[in-house]
Structure formats: structure tokens, C-alpha cells
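> sequence and predicted model, in that order:
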Amino acid sequence: MALTAHSTIGDWLNDPTGGPLIRGLFAQTGADPELLTPVLGLPLQQLVAMSQGQLPQSVVDDLVRAANGGEIPEDDTSEGWTEKPTSGRFAGKTVIVTGAASGIGKATASRIAREGGRVIASDIAAEKLDALKAELPDADIVTVAGDLTQQEAIDAVLAAAGDRIDGLANVAGINDDFSPAGETPDAVWDRVIAINLTAPFKLMRAVIPVMEAAGQGSILNVSSEAGLRGNASGNAYTASKHGIIGVTKSAAFMYGPKGIRVNSVAPGGVATGIPMPPHMSEYGSGRLAPFQQAIPTVATAEHLAASITFLLSDDAVNINGAILASDGGWSVQ
């Protein structure tokens, strides 16, 4: 079978032609091929997103050509997992999605839109929001660019949604510098808590009255494996993700009787290229490294969107207050 961009990284490494090509690429960059161990089940194409712009699409195309005598064969997308949108699952529903310009948020917004929903796509990156809308010209997507740590941005999202809000997906988030509590700077703590915990809470507070009036609604807050354990990230990020689980459980208890379901997804390793601060804690990074290397597998943004949209949808009618570890089994290690 020909190697393509959709062939898994593991298939490439195990192939007598593909293996040397991949190892040669890593040798050129000085990176250790062992870094690929958690992502062996992902398609080669995913390296573009994971590289945060350092690996252009042209490099993947060149690898595929080199493995196939200079040609790019037709991609066999039947290998592995393929996203299968459910037609009409969100028909007639308006769903707010934050962090919609990239990564998990973009994959979530795209899937809801393709399943018939009206999406209020919010992010600080206006150009990337415009790109999302351009990719789905027939979908009902309203973009709202703004910083959700500011009240005026939250007000703009609510104004764009109008009188009906069926769902809210709080996806936007940032990582920290891996610093332990004794080192965490005020600036890191304040920014991470503001984006990862305070902004999602304020959006929940804003949409709940609309959902109460309708007698129904679904809220999904993205936590993290770091919301389930202490050895997945630094102090600020871990605190923010534990906090969002607390907010989720409290709201699920308070508003369940009013027809509002509130759940959370806790991702493990995800190939989204989430930006990291320029200065990482040396001690924290060293302490976390062996535990992060034990991640059993890395998911794609589309994998997480499948989990998120399930809990947001009416398919999860009897699920409230759940914390779904969508982590490839990391949480049971």
C-alpha cells in the first residue's frame, strides 16, 4: 500500500522506504525521533499542525513524493478514524464556541456548523475567524472577534447570538510556563486564570438566564488532564483546569432541574500546536517531563470535537455534571 499524508506516522517509520525519510527529516532538524512515540497512530499530515508553523505543508508533500517515485498517490482516507458528521444534529440550534479560530475550538465550530447549527464563533484572532467562515461558505457562522477577558467582548458575543442560545462550548484556553507554586509569576497566574477560568465563568453567567427562560440548554467546558491530576502542567494551568471542573459540577447541580446540562471534557495530549510561553520554568519542565512522556497517545482536534459535540448535543440527554476524560486512557495510568 502506498504511503500517503494520511498514513500513520507509525506506518511511515515501519516502512523500509518511509522510515529512513522520516528519520532523515528529524536528523536535519536535530530533533529526537523518539518524540514521535505518543503520536505513532496519527496521520503524517498532523505534523503540520503540531509543528506550530515550523513544518510547512510542502515538506509533507515532498516526503510523500519521495516515498512514491516522485508522485503523490490518491490519499486513502479509509485508514484509521475518520470524522463522520451527523447530518442535522444541531439543526435549528444556536451554539456559541470560543477559541473558534484554531485547534479544538475551530474543529468544534466546524463540526457544529456542518451538522446544521448556527455557530457564534468567538476568538481574539479576527483573521483566522474569517478564514474559518471562508472554509464553510454555506454554513451559518457569525464571527465575533474579541478578548473574552473583557466584558465588552462577552456582551458582543451575546448580542450576536440573539434571543436564543442552545449551547455554549467554552474551549478557549492557554497554557502556563510549567512553573510550580513557589515560582509562578503574578503575570502568568493572572493571565491563565483570566482566560481559562474567569472568562468561561462569565460567559456561563451570561447565557444561563437565556437558557433558563427557554427551559433548556447545554454547556460544555473544556478542562484538561491537568484538571484530573497534578503532574500534567504547571501551577496556574492546573489550578485553572481544576477550577473549571468545579464550576461545571456546581452549575450542573444548580441548573439541572431547570433543563440545563453542564458537562466537561478533559483532553489529554492533543496535536493543536497550542502556543507556549517563551520562558518555561526549568525546574517545572524537568519535573513534568517523565510524566508527560508517558502520554499513551496524542489526539487530533477533530477527535476532541467528536467528544465535545456529543456532550453538547441532544444525544447526551441524560448526562449532566460529567467530566469526560477524552485522553486516550492517560487518566487510568
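Now that the structure is in, tell me what you want to look at. Numbering: from 1, shown residues only.

> what is the end-to-end distance of stretch 25-43?
End-to-end distance for stretch 25-43: 16 Å, by CA to CA, to the nearest Å.

> for that stretch, buried residues please.
Residues Leu25, Leu36, Thr37, Pro38, Val39, Gly41, Leu42, Pro43 are the ones in stretch 25-43 that count as buried (16 or more other CB atoms under 10 Å). (C-beta placed from N, C-alpha, C; glycine too.)

> just give the nearest non-adjacent residue to Thr309, would you?
Nearest residue to Thr309 in three dimensions, chain neighbours excluded: Arg111, at 5.2 Å (CB to CB, 6 or more residues apart in numbering).

> what's around the one you found, how many residues?
Neighbours of Arg111 under the rule other CB atoms under 10 Å: 24.

> could you say which helix or strand holds it?
Using DSSP states H and E, Arg111 falls within helix 103-114.

> how about that helix as CSV, C-alpha atoms only?
This file holds the C-alpha atoms of helix 103-114, laid out as CSV (Å, rounded to 0.1, in the frame of the first residue of the first chain):
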residue,chain,number,x,y,z
GLY,A,103,-7.3,23.9,17.3
ILE,A,104,-10.1,22.2,19.2
GLY,A,105,-12.4,25.3,19.0
LYS,A,106,-12.2,25.5,15.3
ALA,A,107,-12.8,21.8,14.9
THR,A,108,-15.8,22.1,17.2
ALA,A,109,-17.3,25.1,15.5
SER,A,110,-16.8,23.5,12.1
ARG,A,111,-18.5,20.3,13.1
ILE,A,112,-21.5,22.0,14.7
ALA,A,113,-21.9,24.2,11.6
ARG,A,114,-21.6,21.1,9.3
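
> what comes into contact with it?
Residues outside helix 103-114 that contact it (CB atoms under 8 Å, 6 or more residues apart in numbering) are 83, 85, 90, 95, 97-100, 119, 121, 123, 128, 132, 135-136, 139-141, 167, 169, 171-172, 222, 267, 270, 272-274, 300-302, 304-306, 308-309, 312.

> got the contact list for the helix or strand bottoming out on mean pLDDT in the chain?
Here the helix or strand of the chain ranked lowest by mean pLDDT, DSSP states H and E is helix 46-50, holding a mean of 76. Residues outside helix 46-50 that contact it (CB under 8 Å, 6+ apart): Ile9, Val39, Leu55, Pro56, Gln57, Val60, Ala271, Thr272, Gly273, Val298, Thr300, Ala301.

> roughly how far apart are the residue sitting nearest the centre point of the chain and Met204?
Centroid-nearest residue in the chain: Ile104, 2.5 Å away (criterion: CA atoms, centre = their mean). Distance, Ile104 to Met204, using CB to CB, to the nearest Å: 18 Å.
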